[in-house]
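Asker: just a sequence and a predicted model for now, questions to come.
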Amino acid sequence: MSPTTGATTSLAELQAMRAAQDVQNSATPGRECLIYFEVRRSDSPKHLDDTLGTGCLTLLETVSMLELQQRLVLEVNSRWVRTYSMPLLWDSETALRVPINVSLTQQSLSLTIKEWFVQHSTPALRDTFIVLRKNVQQGNKGTKKRKVSTPGQAVVAFPLELFVHIDTYLNRTKDTRLTQETAARAGSKRKTSGTSVAQEGGAEPAEKRP
């Protein structure tokens, strides 16, 4: 007959059960977030990019904002390289912004999607940072009923902007086609070249781009 080890065995089993539960909890994925994005370029910041335009990306709320930027660049690069010679570098040739001309700080980029959403969905900031455009809310049949919500519900949805620094890209790649396009745009906009600077004057939010 084997020796009785009931107390010791029970403690070991309890510890094993707790360890298994901890592993299960840590492996449980967060809820999904629906990220609507627009792509703009520094050589034509008032308009959506003709090549990249808009899109939608679904990510878990536990993903960092920095990884979100990387995923967005990976998403748009598949279209970008159909027209231009080399893919964009996410860390030096793009910036993640909200669609009111506001850049995300390094501190914001270190947050998870859920943390960023919670921080910016307060009454003072929600109407500025967490607003879906009317054409997004009404025009997409597949996501028509997905309203902006709070973490803890099934889906969090909010808009972001991927801004492409064309000069930085051209300095690296010397892309012939893009050089020609940029020169053509500059020639057609000389009469209104001061508009962007004027819009950036005055009091700026903490994350306003320079």
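Answerer: Right, received. Where do you want to start? Numbering: from 1, shown residues only.

Asker: low-scoring pLDDT stretches of this protein, where are they?
Answerer: Scanning the chain for pLDDT under 70 picks out the ranges 1-29, 133-155, 188-210.

Asker: hmm, try it at 90
Answerer: Flagging of the chain using pLDDT under 90 yields the residue ranges 1-32, 44, 46, 50-51, 53, 99-103, 121, 123-157, 181-210.

Asker: which stretches of the chain form helices?
Answerer: 6-27, 65-80, 90-93, 106-109, 113-120, 126-129, 134-139, 166-173, 176-188, 195-199 (DSSP state H).

Asker: touching, Leu66 and Leu109? I think so.
Answerer: Yes - at 4.4 Å, Leu66 and Leu109 qualify as touching, with contact defined as Cβ atoms under 8 Å. C-beta here means a position set from N, CA and C on the backbone, and glycine is covered the same way.

Asker: shared neighbours of the two, anything?
Answerer: The contact sets of Leu66 and Leu109 do not overlap (Cβ atoms under 8 Å, 6 or more residues apart in numbering).

Asker: contacting residues for the closest residue to Thr168 other than its chain neighbours?
Answerer: Once flanking residues are discounted, Thr168 sits nearest to Glu93: 4.9 Å by Cβ to Cβ, 6 or more residues apart in numbering. Going by Cβ under 8 Å, 6+ apart, Glu93 touches 164-165, 168-169, 172.

Asker: from Leu170, how far off is Glu93?
Answerer: 10 Å (Cβ to Cβ, to the nearest Å).

Asker: Arg71 too?
Answerer: The separation that Arg71 has from Leu170, given Cβ to Cβ, amounts to 24 Å.

Asker: again, but for Thr122
Answerer: Here the criterion is Cβ to Cβ. By it, Thr122 lies 40 Å from Leu170.

Asker: higher neighbour count, these two?
Answerer: The residue with more neighbours, out of Thr122 and Leu170, is Leu170; 17 against 10, by other Cβ atoms under 10 Å.

Asker: dump the residue contacts of Thr94.
Answerer: By Cβ under 8 Å, 6+ apart, the contact set of Thr94 is 69, 72-73, 88, 162-165.

Asker: Cys33 now?
Answerer: Contact partners of Cys33, counting by Cβ under 8 Å, 6+ apart, are 58-61, 63, 113-114, 117, 155-158.

Asker: now render the contacts of Glu93 as JSON lines, adding neighbour count and distance to Thr54.
Answerer: Shown next, in JSON lines, are those (neighbours: other Cβ atoms under 10 Å; distance: Cβ to Cβ, whole Å):
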{"residue": "Val164", "neighbour count": "22", "distance to Thr54": "14"}
{"residue": "His165", "neighbour count": "17", "distance to Thr54": "19"}
{"residue": "Thr168", "neighbour count": "15", "distance to Thr54": "23"}
{"residue": "Tyr169", "neighbour count": "25", "distance to Thr54": "20"}
{"residue": "Arg172", "neighbour count": "13", "distance to Thr54": "26"}
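
Asker: all set, thanks.
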